[in-house]
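K.L.:
Pasting the sequence and the predicted model now:
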Amino acid sequence: MKISNGNNINAASESMLPEGRQQDIEDLATVVPTGDGEERKRHLQLYQAALSGDWDTAKGIYEVFPREVDAKITKRGETALHISAAAEHTHFVKQLVEMMSKEALTCKNDAGNTAFCFAAISGVEELAKIMMAKSSDLAMTRGRGDMLPICMAALLGHRKMVSYLYDKTIDQLNDGDRIELLVTLIDSDIYGEQSFLCSDVALTMLKAHPLLAYARDEHQLTALHALAQKSCMPSYVVDQSPPGFWNKCLNPCYSLAQEKKHMHKQALHLIQYLWEQVVLLDDATISYQIGEPWPLVFTAAERGNLDFLTIIIRLYPDIIFKVEHNMYSIFHLAILNRHEHIFKMIYQIGSIKNLITTYKDGEGNNMLHLAAKVVESPSRLNVIPGAALQLQCELLWFEEVKKVVQPRHIEENNKDGKTPGALFIEQHKSRATAGMYFRSSLTQLK
């Protein structure tokens, strides 16, 4: 993370940590040096030199005042090493580290972070290597919130830094560290190998420590919970055709599309591996694993995470019978959130769908009532511009759901005395003014 004019040096350490992620970035000019008189002036010079990478100025001060090498030079407890590391000045850091004692490298600022934490946050491997050459303990010296530098790097998506630090700490991490790191890697989409230079830390950890598949972090979340929350790119979107030469050369979006395709495949592989470990447990434990602290399959259904659900159901078919607190199955949630491709899985379960379509919520709403409701959802149905086209899509969706419910459900009243058709008209009145054709279509629902 580069520190430029207008940014606070502490933003590097505080903005990505749980209790400080939303803190305002202050102006650099507000950073107050420590000391009084000449000492204060000297600390300001050191601060400016460290920030700009001016080693000659800093060296001149250190030759006259050698104790300033290890001194805290700001009111927030930063040393010159903190500042130069956050500003990513590798030459300055290298020269300064050579002058510092091993113990001084572990100095923390008032937020609880070492300069090495700043190096991890920056993602610049060279900075970490310079400091580690002096003190290998730095990689396991925790920063703010008791967070390890490797987790800080993971939180900011620095894949190569994570890979480097994992190699240095692989035998020192405890179970709590590993699950925190695993969940953070998933949250930051750092899984799968991108090149021979950067290993898949997530899968490497899982294979070395299989119990991580159902371990929980400080928030009681498992790795599967982290994956369930993602709106994964469904498989039907991933282009399976081989790339042509001109497509590679002329399409500016080609690399990004290929990266997303690769990440999608890696996510599926990770889900499959995790779930294969969990289904080896007894049914009661499986229910606990997927149900606490919140039911991950229903979150996946709400997010439209089709491939996640496909893998889960393939190895544990009983999932399709599960309902959440509103008596909604994954298919009810797919209807409510307009996820067509999850809903269409209902055609693959045979006569079981006749049972699931009978489920009603506490207000007496059946599946078709849910299709009639207007919902705020980021799904494809709700990003179509124009009221008329939106209404047309809603009508088509309503008719699609009508095909799977039993005939008696079409005219069934909920507790408010409304049929699905009547509820649809009520919910879509504002859009019904879009055109005569759609008004006549609504009339047919009565």
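P.N.:
Cool, got the structure.

K.L.:
burial of the nearest residue to His82 once chain neighbours are set aside, as a residue count?
P.N.:
Counting by Cβ to Cβ, 6 or more residues apart in numbering, His82 lies nearest to Ala115, which is 4.5 Å off, once chain neighbours are set aside. All C-beta atoms are positioned from the backbone trio N, CA, C, and that covers glycine. For Ala115, the neighbour count with other Cβ atoms under 10 Å is 29.

K.L.:
Same check on Leu51?
P.N.:
Leu51, neighbours per other Cβ under 10 Å, totals 21.

K.L.:
Report the buried residues of the host helix or strand of it.
P.N.:
Under DSSP states H and E, the secondary-structure element containing Leu51 is helix 37-52. Across helix 37-52, burial judged by 16 or more other Cβ atoms under 10 Å covers Arg42, His43, Leu44, Gln45, Leu46, Tyr47, Gln48, Ala49, Ala50, Leu51.

K.L.:
The third one and Gly37, how far apart?
P.N.:
The one in question is Leu44. 12 Å (Cβ to Cβ, to the nearest Å).

K.L.:
coming back round to it: if we take the buried residues of helix 37-52, which one ends up nearest to His341?
P.N.:
When those are compared for distance to His341 (Cβ to Cβ), Leu51 wins out at 51.5 Å.

K.L.:
Wait, the closest one touches Ala85, no?
P.N.:
No: taking contacts as Cβ atoms under 8 Å, Leu51 lies outside contact range of Ala85: 11.1 Å.

K.L.:
Show the contacting residues for the closest residue to Asp175 other than its chain neighbours.
P.N.:
Computed as Cβ to Cβ, 6+ apart, the closest residue to Asp175 that is not its neighbour in sequence is Ala215, at 6.4 Å. For Ala215, the contacting residues are Asp175, Arg178, Ile179, Leu182, Thr222, Ala223, by Cβ atoms under 8 Å, 6 or more residues apart in numbering.

K.L.:
go on, Ile356?
P.N.:
Contact analysis of Ile356 by Cβ under 8 Å, 6+ apart lists Ile320, Phe321, Ser329, Phe331, Ile346, Ile349.

K.L.:
can you name the two of the residues you listed that are farthest apart?
P.N.:
The largest distance within the contacts of Ile356, taken as Cβ to Cβ, falls between Phe321 and Ile346 and amounts to 12.6 Å.

K.L.:
which one of the two has more residues nearby?
P.N.:
Ile346 (21 against 13).

K.L.:
That one in helix, strand or coil?
P.N.:
helix (DSSP: H, G, I helix; E, B strand; the rest coil).

K.L.:
can you list the weak-confidence ranges in the protein?
P.N.:
Within the chain, the set of residues satisfying pLDDT under 70 comprises 1-35, 193-199, 232-263, 376-386, 431-446.
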